[in-house]
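Q: Using only what follows, build the 3D model:
(chains A and B)
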Amino acid sequence: MSQDVRTRPADSGDRASLDGLDGLDGGPSVSATDVLDRLWRFFISMRTGLLLILGLGLLSLVGTLLAQAPAGMTADPAAYASWVASIHSKYGGWTPVLDKLGFFSIFTSIWFKAMTVLLTTSILACSVNRAPRLWKIAFHPRTRMGETFFTHAALRANVLVPTEPEKAMDNVREVLKSRRFRTIADPDDNGLNLYADRFRWGPFGTVIAHLSFVVILLGFFLSATTGFKNTDFTAPVGSKVAVGHGTGLTVEAKSFNDAYYANGSPKDYASDLVLYKNGTEVKRQTVRVNHPMKFEGVSFYQSFFGVAATMQVKDAAGTTVFGDAVPLAWTSDDGKKSIGKFDMAGKGLEVYVIDVASGQVDPDIKAGQVELEIHQAGKNDPIATQVVDQGKSTTIAGLSYTFERPKQFTGLIVAHDPGAMFVWVGSTLLVIGLFLVFFFPHRRVWVRVRKTSGGTEILCASTMKRDVAFEPQFHQLVTDIQLVGSPVEHHTKVGQNDA
Amino acid sequence: MLDPTVAMQLSKYSLVASLALVVLALICYTLVLVLKRSVHPAPVMARTGGHTGGGGIATDELPPPAANASPRALAQYGTYFTWLGLAFLTACLFFLTVGTGHGPFTNQYEFSVSFAWGMLVAYAYFEHKYHVRTIGLLILPIAAAFLLYAMSMGTTANPLVPALQNPPLLITHIAVAVIAYGAFSISFAAAVLYLIQPPEGRPGLPKPAVLDEMGYRAVIIGFPLLTLTVVLGALWAEQAWGTYWSWDPKETASLFTWLIYGAYLHARVARGWVGRRAAWLLVAGFGSVLLCFFGNLFFGGLHSYGNTK
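A: Residues are numbered from 1 along each chain as shown, chains lettered A, B, ... in the order given. Got it, this is the predicted structure:
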């Protein structure tokens, strides 16, 4: 009906009748249902799906070939600007253009998101559109075909047997059943009809595979919007560090060990962790790369390690203002220094603790020393910069600072990702779905048996759309039917082969 | 057990033997093609003409038995050489595994040999199934190139960095990838042979319908395996790096590959895309497989093993 609406010329007479039909007054000749209908057909079109897949592919290629800003960097305009400046030498004058187009963070760009949403819509529309048909073919199949089907089908064969039709049909049935076909008899005036099929649930694999893709996308969405992920969680050996995010969890690193091969490449990073929930120990595990610790949906991964400086700060009255290990987890831009930071909120101070990076030498900071840079909170210029010796108290701006000892810290990724479960379920379904579609194609055979002058004629036919592998099996089926139907010939044949 | 240094030596010898056999097979197939073109173009043409749409595909594009026996015998030798080459390459990977103590999938050398192995396995399977030896003319040179590339790098048995110390996933993730890549190389060869022919076919070459079918069969093996590769990779990334997907260049290249083959599967049933356009997608798909493979060298990122730290 909607087809007619569009192709009809928009003369006044027609419009009047259309308006009456659709209840729209003097509007354009495109009605709401028409738009919906067009949209629907746009989304269920195979070409739409194909173009969307290719579009996403193109964006992925851009994301593969062009440098991509590190995750989360776009949130920090200053860091992002300096990153863009750093790649300017690579892309020259194209840099601002590519940046404007969002090509340096393509996978979070509006293009990628829009395409993903469109593809998801297309997948859902196609699945809704296709499922009823698949259901019908699987559970209410057409059990008999017209005569032309038996003379024109892609796979077809005629077999003449001397037995009676009923007996012949029984034999056919037995052959098909022995090959695990389901059989449905449906006699009519033209003779005895039989429909047989195998793997009727195979085609549902396509629905499973397509919907599982949506489940995976949902998982990605949940991962991005829920849970938490802390990629620079540092735990100095011996200190207890709270996980936060309302988990009530605290981690204590009992020890950290790094081991190396003879050629200097890393062999093992291992942290002995103890996990407390609201102060009570709940888990104890050695966490390694590839061996995370998991507790109540929160996972702890070995990620990095380094040196921490145990600092103590006292005020004039001798009260401890700060006392903890400070992980020197950052590296200066030139890679020569390791830097850590602690806050003394009560005093409005921020203190940077600076040491020489592993393997580097610095004339100002010697072994057993760290440099302290003390800032007023939020201010750029330090109020004091001083190198302090291990174990000696140094008074700076009225506070006494002591660098007690260096310590190791372990760097962990701590994450709670409710989306991951969806990704795993979706991935499993995706693989299952694909194997169903490709390796269990629905195989259907129609058989008609009728009496002729020379005995009983058996007509077999099948389609083999996109399933060429079925051809030899079909011929084998026919051969079997022939052999069962004419036992005498069977023996003759064997005899000939022997001779 | 075998001494690791001895195993590494045996592995190298097997590699050389395999390369020699692949080259021999290639020579045989080339000669077959040359002989066939000069002596027997007619039978193939007659067959193409007699092919009816509904009759399915005939799978034998070699000259019929009545023809001069020499191309046929040569082709058979080609097949034997291929099988033997595959056997030696399998031995090469076995000795490499013994010599290094881990699956032969951890650096560019090992992965090149594995890739060539995947191609030979896929080729042996498809040749056996479809008797289309002509694709060997494309597959064998690529496999030989990978073996040469591997040889040019030489091997050093590097110990495994912590991220790679996950034997079950190391073996499944990469072994599945290797088979998938091998299958895709078949579909690439089939697509190229399809594209260089006019729609009605060309004497001496496999029929377009057969090539179309073969390209598709290869993809329906490769695509689920590529999917499995990505899923296993995500599983591994989640264990080792704390996130199942981090838009690492190798991951995005795999996504690109996956989307191209996904597009192909839809193109094969979409109006206007059946045939040549679908075949072009197979060529693009294999290009992206190569991008995935060589990406390790210039992408950097999480998969850049061997030159980190």
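
Q: Quick check: phi and psi at the residue lying closest to B:N166 once chain neighbours are set aside.
A: Among residues not flanking B:N166 along the chain, A:N290 sits closest, at 4.6 Å (Cβ to Cβ, 6 or more residues apart in numbering or on different chains). Heads up, the C-betas are built off the backbone N, CA and C, glycines and all. Main-chain dihedrals, A:N290, degrees, to the nearest 10: phi 80, psi 0.

Q: List the contacts of A:N290.
A: B:P162, B:A163, B:Q165, B:N166, B:Q239, B:A240 (Cβ atoms under 8 Å, 6 or more residues apart in numbering or on different chains).

Q: Please state the mean pLDDT value computed over stretch A:297-315.
A: What stretch A:297-315 shows for mean pLDDT is 92.

Q: how about it: buried residues?
A: Within stretch A:297-315, the residues that qualify as buried are A:298-311, A:313-314, counting by 16 or more other Cβ atoms under 10 Å in any protein chain shown.

Q: and the residues you listed near chain B, which?
A: When Cβ under 8 Å from any Cβ of the partner chain is applied, the members of the buried residues of stretch A:297-315 adjacent to chain B are A:S299, A:Y301, A:Q302, A:S303.

Q: Which of the residues you listed sits closest to chain B?
A: Proximity of those to chain B (Cβ to the nearest Cβ) peaks at A:Y301, which lies at 3.7 Å.

Q: ok, and the closest non-adjacent residue to that closest one?
A: Take A:Y301 and drop its neighbours on the chain: the residue closest to it by Cβ to Cβ, 6+ apart is B:G242, 3.7 Å away.

Q: same check, this time on A:A67
A: In space, and not counting its chain neighbours, A:A67 is closest to A:I87: 5.1 Å by Cβ to Cβ, 6+ apart.

Q: Show me where the chain has its helices.
A: All of this refers to chain A. Ranges of helices in chain A, per DSSP state H, are A:2-7, A:12-22, A:32-44, A:46-65, A:77-86, A:88-91, A:94-100, A:110-139, A:147-152, A:165-178, A:204-225, A:419-439, A:470-485, A:487-498.

Q: that's the other chain; I wanted chain B
A: B:4-39, B:42-50, B:69-100, B:108-130, B:136-153, B:167-195, B:208-241, B:249-267, B:276-299.

Q: Model confidence for residue 261, exactly?
A: Using chain A here. You'll see A:Y261 listed with a pLDDT of 89.

Q: my bad, the chain I had in mind was chain B
A: 97.

Q: so how far is chain A from it?
A: Look at B:Y261 and chain A: by Cβ to the nearest Cβ, to the nearest Å, they are 10 Å apart.

Q: on that earlier part again, just to check, the residue nearest to A:A67 is in contact with A:L98?
A: No. Counting by Cβ atoms under 8 Å, A:I87 stays clear of A:L98, with 9.2 Å between them.

Q: joint contacts of the two?
A: Common neighbours of A:I87 and A:L98 (criterion: Cβ under 8 Å, 6+ apart): A:F104.

Q: Let me see the contact set for the residue nearest the centre of chain A.
A: Nearest residue to the geometric centre of chain A (Cα atoms, centre = their mean): A:I216, 4.7 Å. Counting by Cβ under 8 Å, 6+ apart, A:I216 makes contact with A:F422, A:V423, A:G426, A:S427, A:L430.

Q: And the residues you listed, which is closest to chain B?
A: For those, the nearest to chain B is A:S427 (4.2 Å; Cβ to the nearest Cβ).

Q: how deep is that closest one tucked in, by neighbour count?
A: Using other Cβ atoms under 10 Å in any protein chain shown, A:S427 is surrounded by 23 other residues.

Q: For it, give me its contacts.
A: By Cβ under 8 Å, 6+ apart, the residues touching A:S427 are A:S212, A:I216, B:V231, B:A234.

Q: hang on, A:E457 packs against A:N158?
A: Yes. The pair A:E457 and A:N158 qualifies as a contact (Cβ under 8 Å) at a distance of 6.3 Å.

Q: Would you mind listing what in the stretch 1-150 of chain A touches chain B?
A: A:46-47, A:49-50, A:53-54, A:56-57, A:60-61, A:63-64, A:68, A:71, A:107.

Q: Which one among the residues you listed sits at the bottom for pLDDT?
A: Lowest pLDDT within these is found at A:A71 (76).

Q: thinking B:R276 is in contact with B:L195, fair?
A: Yes. Between B:R276 and B:L195 there is a contact at 6.6 Å, judged by Cβ under 8 Å.

Q: so what's B:S152 scoring on pLDDT?
A: 90.

Q: Also B:P159?
A: 81.

Q: Please work out how many residues are found near it.
A: 17.

Q: Enumerate every residue touching it.
A: A:Y261, A:N263, A:S265, A:K267.
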